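# Sequence and predicted model, in that order:
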Amino acid sequence: MPKMLPSLGVALTVLRKIMGWSEGELAAAHGISPSVISDSERGRKPVTPERLEELAAPMRVPREMFRQVVSLVEEVRAQAGAAGYPAEPGEADAERGRIESVVRAMADATAQIGRPLVSTLFVQVRAEADRQWARGAWERLQRRPASERRSLARKSREYRGWAVCELACQESLKAAPDSAARALDYAGLAVEIARLPAGGDDLFRRRLQGYAEAHLGNARRVHGDLAAADEAFGRARALWKAGAPGDPGLLNEALVLGLEASLRIEQGRPADALNLLDQAEAVDRNGVKKYLLINRGRALEHLDDYDGAISSLQRAAPLIDGKKEPRQLGALQSNLVQNLCHLRRFAEAGALLPELRRLAERLGQELDLLRTLWLEGWVASGVGRRQEAVAALEHVHREFARRQIPFDAALAGLELAVLYLEEGRTAVVRALAEELLAIFEAQKVHRGALAALTLFCEAARKETATVELARRLGNFLYRAQHRPDLRFEES
């Protein structure tokens, strides 16, 4: 079993969560990296009582609470044990009795804290113990072949805890950018664990099932099956709502809402996504604000509100620890550059490209590198470096076409067509237009996009295609890829 974390670090975690602050927000208030907060809480940096008070100062926690919270952490931790939450029928009553015992023992000292805070502290410390135990169980489960994991969960109670399910959900989110199949496997395992009887409250089990189904829906979305994703989120909403009375505050509703918002964006429903994100920001208590802000940026971008998208992404940037979350930082910077390019603010976009290139090379993912080159070509075109722009966009268009990614191939191709038209290379534009049309006819995607490309192809054959038409068509295709009902207006 992993080593027990220092009590002062746990106390900082508990205080931060009760006060509703994320690691990133507390770090930003101090002007330090979020990793400093994380290292202090996880015991990687020593924390003295004075350092605890200093770190907690921005949250305006009364000074007299520090000693009380640390004492309570140690008291509850000693009693809570390391079983699942709750481990056996009747344990909830026993825990309530222990809470009352702690309240009575600290009656004078906790007068201003009160029973609700003591109860919250008890849940948070117990959750920390459960999550620590779950990491050990997960390590053992990971050592077994993927084909055996669900069977092991069904046979052995050690893999049925809520915290193991939560960890499987986290691993699904981590896997999604690199492997949709692995994300789907972990989310399916989480659903399996949530469905298994593990003792305790049936209402909380429904809540857990709703949480796992939301992650399954997200994995389905990443896998490209939006219909199955929608079905999973339908189940998630029903189970999550049904289990609400049994949730002691362990699972973050903001994450469930934020994941559904991602699906709505993919479905071309950015307004619905923004409504979900408003709800999520109102209830977030476990530090997913940065993800919500990034999602908000994506939704606003799809509504053509590029200024709003930039503002949301800039608010998210300080909350991301680039050392621990390089992919998340890379995605944010890529979206930021893209929005700046939409507004033709190419000089600002260009200033961000060197760091984006370093992140993409560090991660080493081919598609990330390809999309970075695309942005470099777009910026080069915007600032007049035509030869560099043509070389980049030709390579990007060719690679997207080879990989059968139709919208991206068409968007890069139309940016290339603008450069060709400006140089009067009408024969090359005609060949490019016919290639783009063939890609969309073969893929049978988006009737409106196919009609628009047909129009452009006909204009290219007649040598009447213009720079304005190519740019308008590019803007249309960018919006149409998430809005299947959109139609191109000729004038």
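Noted; the coordinates are in hand. Bear in mind that the values here come from a model prediction, so they are computed numbers and not experimental data. Numbering: from 1, shown residues only.

# nearest spatial neighbour of residue 276, skipping sequence neighbours?
Excluding its sequence neighbours, the residue lying closest to residue 276 (Cβ to Cβ, 6 or more residues apart in numbering) is residue 261, at 4.1 Å. From N, CA and C alone the C-beta is placed, and that goes for glycine too.

# wait, doesn't residue 45 sit right on residue 36?
Yes - in this structure residue 45 lies within contact range of residue 36 using Cβ atoms under 8 Å: 7.1 Å.

# circling back to that earlier point, now whichever helix or strand the residue nearest to residue 276 is part of: buried residues?
Using DSSP states H and E, residue 261 maps to helix 253-266. For helix 253-266, burial by neighbour count (16 or more other Cβ atoms under 10 Å) applies to 253-266.

# so which of the residues you listed comes closest to residue 317?
In terms of Cβ to Cβ, no member of those lies closer to residue 317 than residue 258, at 17.5 Å.

# How confident was the prediction at the closest one?
Note for residue 258: predicted pLDDT of 96.

# Likewise for the one 10 residues further on?
At residue 268, the predicted lDDT confidence score is 85.

# And residue 62, by the same measure?
At residue 62, pLDDT is 66.

# what's the answer for residue 346, then?
95.

# Also residue 83?
45.

# cool, and residue 331?
We note a pLDDT of 88 for residue 331 in this prediction.

# Apart from its neighbours in sequence, what residue is nearest it?
Going by Cβ to Cβ, 6+ apart, residue 331 has residue 294 as its nearest residue, at 7.1 Å.

# Could I get the contacting residues of the one you found?
Residue 294 makes contact with 312, 313, 316, 328, 331, 332, 335, according to Cβ atoms under 8 Å, 6 or more residues apart in numbering.

# Roughly how far does residue 365 sit from residue 178?
As judged by Cβ to Cβ, to the nearest Å, residue 365 and residue 178 stand 7 Å apart.

# Looking at those two, which one has more neighbours?
residue 365 (15 against 12; other Cβ atoms under 10 Å).

# re the thing from before, please report how far the residue nearest to residue 331 lies from residue 335.
For residue 294, the distance to residue 335 - Cβ to Cβ - is 7 Å.

# Now do the shared contacts for the two.
residue 313.

# My read is that the residue nearest to residue 276 contacts residue 273, right?
Yes - counting by Cβ under 8 Å, residue 261 touches residue 273, with 4.2 Å between them.

# Common neighbours of these two, please.
Between them, residue 261 and residue 273 share the contacting residues 295, 299, judged by Cβ under 8 Å, 6+ apart.

# Can you get me the start-to-end distance on stretch 278-288?
Terminal residues of stretch 278-288 are spaced 13 Å apart (Cα to Cα, to the nearest Å).

# What residues sit buried inside that stretch?
Result for stretch 278-288 [16+ other Cβ under 10 Å]: buried residues 279, 280, 281, 284, 285, 286, 287, 288.

# Closest one of these to residue 245?
Nearest to residue 245 among the buried residues of stretch 278-288, with distances taken as Cβ to Cβ, is residue 285, at 18.0 Å.

# So for the closest one, what's the nearest residue that isn't a sequence neighbour?
Nearest to residue 285 is residue 20, by Cβ to Cβ, 6+ apart, at 5.3 Å.

# C-alpha coordinates for the host helix or strand of residue 227, PDB please?
Taking DSSP H and E as the criterion, residue 227 maps to helix 226-242. Presented in PDB, the C-alpha positions along helix 226-242 are these (Å, rounded to 0.1, in the frame of the first residue of the first chain):
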ATOM      1  CA  LEU A 226     -21.500  10.300 -31.400                       C
ATOM      2  CA  ALA A 227     -24.800   8.400 -31.300                       C
ATOM      3  CA  ALA A 228     -23.400   5.900 -28.800                       C
ATOM      4  CA  ALA A 229     -21.900   8.800 -26.800                       C
ATOM      5  CA  ASP A 230     -25.300  10.500 -26.700                       C
ATOM      6  CA  GLU A 231     -26.900   7.300 -25.400                       C
ATOM      7  CA  ALA A 232     -24.300   7.000 -22.700                       C
ATOM      8  CA  PHE A 233     -24.800  10.500 -21.500                       C
ATOM      9  CA  GLY A 234     -28.600   9.900 -21.400                       C
ATOM     10  CA  ARG A 235     -28.000   7.000 -19.000                       C
ATOM     11  CA  ALA A 236     -25.400   9.100 -17.100                       C
ATOM     12  CA  ARG A 237     -27.900  12.000 -16.500                       C
ATOM     13  CA  ALA A 238     -30.600   9.700 -15.200                       C
ATOM     14  CA  LEU A 239     -28.300   7.700 -12.800                       C
ATOM     15  CA  TRP A 240     -26.500  10.800 -11.600                       C
ATOM     16  CA  LYS A 241     -29.800  12.500 -10.700                       C
ATOM     17  CA  ALA A 242     -31.200   9.400  -9.100                       C
END
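
# who does it touch, helix- and strand-wise?
For helix 226-242, the packing partners by 3 or more Cβ pairs under 8 Å, 6 or more residues apart in numbering; DSSP states H and E come out as helix 202-223, helix 253-266.

# can you tell me which of these comes nearest to residue 184?
helix 202-223 (4.3 Å).

# and that closest one, how far out from the chain's middle?
15 Å (Cα atoms, centre = their mean, to the nearest Å).

# Quick one: mean pLDDT for that helix?
94.

# Buried residues of that helix, list them for me.
By 16+ other Cβ under 10 Å, the buried positions in helix 202-223 come out as 204-223.

# same question, stretch 153-162
Result for stretch 153-162 [16+ other Cβ under 10 Å]: buried residues 153, 158, 159, 160, 161, 162.

# Please apply the same query to stretch 173-183.
Here stretch 173-183 shows 173, 175, 176, 177, 180, 182, 183 as buried, counting by 16+ other Cβ under 10 Å.

# residues touching the fourth one, list them.
Pointing back at residue 177 there. Taking Cβ under 8 Å, 6+ apart as the test, what residue 177 contacts is 327, 331, 365.

# mind checking the SS state of it?
Under DSSP: H, G, I helix; E, B strand; the rest coil, residue 177 falls in the coil class.

# Please determine how far it is located from residue 52.
Taken as Cβ to Cβ, the span from residue 177 to residue 52 is 35 Å.

# just the last one next, same as before
As for residue 183, its distance to residue 52 is 37 Å (criterion: Cβ to Cβ).

# repeat for the first one
From residue 173 over to residue 52 the distance is 30 Å, taken as Cβ to Cβ.

# where are the low-confidence patches of the stretch 1-150 of the chain?
1-5, 18, 61-68, 72, 75-122, 125 (pLDDT under 70).

# rewinding a little: quick check, nearest of the contacts of residue 177 to residue 447?
Relative to residue 447, the closest of the contacts of residue 177 is residue 331; by Cβ to Cβ it sits at 30.2 Å.

# how many neighbours does that closest one have?
19.

# Does it belong to a helix, a strand or coil?
helix.

# Could you tell me how far the residue nearest to residue 276 is located from residue 214?
11 Å.

# So, low pLDDT: which residues of the stretch 151-300 of the chain?
Along the stretch 151-300 of the chain, the model assigns pLDDT under 70 to residues 198-200, 286.

# The nearest residue to residue 45 once chain neighbours are set aside: which element?
Excluding its sequence neighbours, the residue lying closest to residue 45 (Cβ to Cβ, 6+ apart) is residue 39, at 4.3 Å. Secondary structure assigned from DSSP H and E places residue 39 in helix 34-41.
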